[in-house]
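Trainee: can you look at this prediction? I've put the sequence above it.
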Number of protein chains: 2
Amino acid sequence: MNRPPAEFGRIPPDPLRTFGTQCLERAGMLADHAEQLARLLVDSDLRGVRSHGTRCLPGYCGSISSRSVNPRPEFRVLKETDVAIHIDGDGSLGYAPMMMATDAAIAKARVKGVGVGAVCNIGHYGSAGHYVRRAMDEGCTAFSVQGAFPQYYRSNQDKRAAHYGNPPICFGLPSETEPPLVLDAATCILADYQRGEEFEALEEMIPAALFKSMGYTAIGTLLGGAFVGMAAQLSREVETRWKGSRNGGLIWVMDIGLFAPAEEFRQGVDEMVRLAREELIPLRGYDEATLPGAVEQRFEEEYSRDGIKLATEHIRSLVELGQELDVPVPWSQ
Amino acid sequence: MNRPPAEFGRIPPDPLRTFGTQCLERAGMLADHAEQLARLLVDSDLRGVRSHGTRCLPGYCGSISSRSVNPRPEFRVLKETDVAIHIDGDGSLGYAPMMMATDAAIAKARVKGVGVGAVCNIGHYGSAGHYVRRAMDEGCTAFSVQGAFPQYYRSNQDKRAAHYGNPPICFGLPSETEPPLVLDAATCILADYQRGEEFEALEEMIPAALFKSMGYTAIGTLLGGAFVGMAAQLSREVETRWKGSRNGGLIWVMDIGLFAPAEEFRQGVDEMVRLAREELIPLRGYDEATLPGAVEQRFEEEYSRDGIKLATEHIRSLVELGQELDVPVPWSQ
């Protein structure tokens, strides 16, 4: 999914943002949420994370216009202390309330060293990296997961344990001169397309890896779910009204200077990233050993400069979306 | 490593604890640290986590008597706030100072909802689950990693990226009636014994899984290393004196009632654990689908009642250790 597409066009980020914002607004989303969401989706595209970029626009516009999620939510702070904040997302998509919780958690971490943001009653919040990267920009390290009520997968029947769920998880550590370390991933070690006999054989070969994978899935789902209140009656009521809203989210933020000087920490990250790149024997089929975050940074540089590589198929779906919502396509085709 | 041994004896936990305590004291460790460490190692054995149980006694006794680690450390609180504590372990093994940081972080989490404990200048802290389980006993959820300076692996040369390090990592979520969810693991998805052609072929088959694995390794190493001060000059000086001491550790604790009622959270964990067990198709070669923590609980019940299954080889090494240190073996052979 996130390999560069074979057939593509190059679209610059600015018009893509404008287009995304207009589509989301036209679908019924509040203007500032639309602008924020379009920006975050384009950020994903810029990093080559196609799965969580503007490819999601048609689906999100659909959820909004069909009122599967609340297009005009009123966020409510359910609890706030000097180190924690808990926000009710009122059935909306997850991006706006999660970013609100993230900003609050960062502010707390800047003062107290530590901050936790939690959000309940939201839909998809996209890539967990959106929130973690925001914290990294502010000199923090962060961890985020999205979970669900009561479990993301209400029925696991006929599901192979090896493919037990796949919620987003992200750890991010800011660097100084090397690419940052950002594990912006999903919890399952097998991708959704990795199914069938060949992959079932792995179950006997690497069961410990698959048990770990199952564990990360359960942990992400619960920390971003039951822990933030998604097992409550209130959540069930919200979900009855807004069917696309059964998630929660968590972010945990720490100032990188909490225990050691910030520059020392950054140099440590640099050193680790550098040593891995220079000394490890790359995975078979790769020319280099990179830690997560490096490839995304490289895409970001290239795509910001030369335009984002979007698959032809992806561009076509955006053009169709524009026609449907009567939004002009602001890039040359 | 952690499968039940084919040839074994059953040793009850009490005499094993007594024996371990006496050996560690005889090697030169402070009495209360010796008692604590022996208890924690036997706890690992009780959970079937052989790799981190009394099998480590000979090695630890060796590090202590050879003064590779400081047998009589003076811990120093470097920083303490209402949500965070930072402890200098003074070149000792990691268990005692890490448990001290854990207890402090738990106390903070009980008051503030959140607590972070950090330790620098220590040796091995064993299984990350020791500290996380302590927090779980006190109604908290926790995450812990052990890291190092400047990187755990000073030289990665000739190391395959797929086997990039393996520091301990643990997430733990307490349940009510079902087994708790405890991912007490190492970061690498491949085990150390999984080397050679067959496993190298995996690099082309599941590169994303291996990149995630590399990411978790780097994150654990850095959060438990540079983040807790292991890139500082002081740490290098401590390590010059105590060569077995180049690690740090981190634990992050949250009260499970921070955002939602504690019982609701516990029921959410129960539900997730139950659904996985009842509905998923088990991994090939297994009769049941269990989440991490379930098997350990089962071993704990059996081994507490019937004695711990220790491999014959393992028992022999303990007997030899007793002879070496002039400590009588207090179980019947």
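Mentor: Okay, I see it. Numbering: from 1, shown residues only, chains lettered A, B, ... in the order given.
Trainee: am I right that residue A:250 is in contact with residue A:144?
Mentor: Yes. Using CB atoms under 8 Å, residue A:250 makes contact with residue A:144 at a distance of 6.4 Å. Where C-beta positions appear, they are placed from N, C-alpha and C, glycine not excepted.
Trainee: the two: which is more packed in?
Mentor: residue A:144 (33 against 28; other CB atoms under 10 Å in any protein chain shown).
Trainee: three-state assignment of that one?
Mentor: Using DSSP: H, G, I helix; E, B strand; the rest coil, the structure places residue A:144 in strand.
Trainee: got the contact list for it?
Mentor: Going by CB atoms under 8 Å, 6 or more residues apart in numbering or on different chains, residue A:144 touches A:102, A:128, A:131-132, A:168-170, A:249-252.
Trainee: could you dump those residues into CSV with distance to chain B and pLDDT added?
Mentor: Formatted as CSV, these follow (distance: CB to the nearest CB, whole Å; pLDDT from 0 to 100):
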residue, distance to chain B, pLDDT
A:102, 15, 98
A:128, 13, 98
A:131, 16, 98
A:132, 11, 98
A:168, 12, 96
A:169, 9, 98
A:170, 10, 98
A:249, 11, 98
A:250, 9, 98
A:251, 12, 98
A:252, 7, 98
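Trainee: of the residues you listed, buried ones?
Mentor: When burial is judged by neighbour count using 16 or more other CB atoms under 10 Å in any protein chain shown, the buried members of the contacts of residue A:144 are A:102, A:128, A:131-132, A:168-170, A:249-252.
Trainee: in helices, which of those residues fall?
Mentor: Under the assignment DSSP state H, the buried ones among the contacts of residue A:144 contribute A:102, A:131-132 to helices.
Trainee: could you dump these to a markdown table with distance to residue B:279?
Mentor: Shown next, in a markdown table, are those (distance: CB to CB, whole Å):
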| residue | distance to residue B:279 |
| --- | --- |
| A:102 | 34 |
| A:131 | 31 |
| A:132 | 32 |
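Trainee: can you tell me which of those residues is closest to residue B:185?
Mentor: Nearest to residue B:185 among these: residue A:132, at 21.5 Å, using CB to CB.
Trainee: which residue does the stretch 101-250 of chain A bring closest to chain B?
Mentor: Of all residues in the stretch 101-250 of chain A, residue A:226 sits closest to chain B, at 2.6 Å by CB to the nearest CB.
Trainee: what does the pLDDT read for that residue?
Mentor: In this model, residue A:226 is scored at 96, pLDDT.
Trainee: repeat for residue A:306
Mentor: Confidence score, pLDDT, at residue A:306: 97.
Trainee: over to residue A:193?
Mentor: pLDDT, residue A:193: 81.
Trainee: tell me the secondary structure at it.
Mentor: Assignment for residue A:193 (three-state DSSP): coil.
Trainee: enumerate every residue touching the most centrally placed residue in chain A.
Mentor: For chain A, residue A:127 is the residue whose C-alpha lies nearest the centre (CA atoms, centre = their mean; 0.9 Å). Residue A:127 makes contact with A:44, A:49, A:52, A:168, A:170, A:184, according to CB under 8 Å, 6+ apart.
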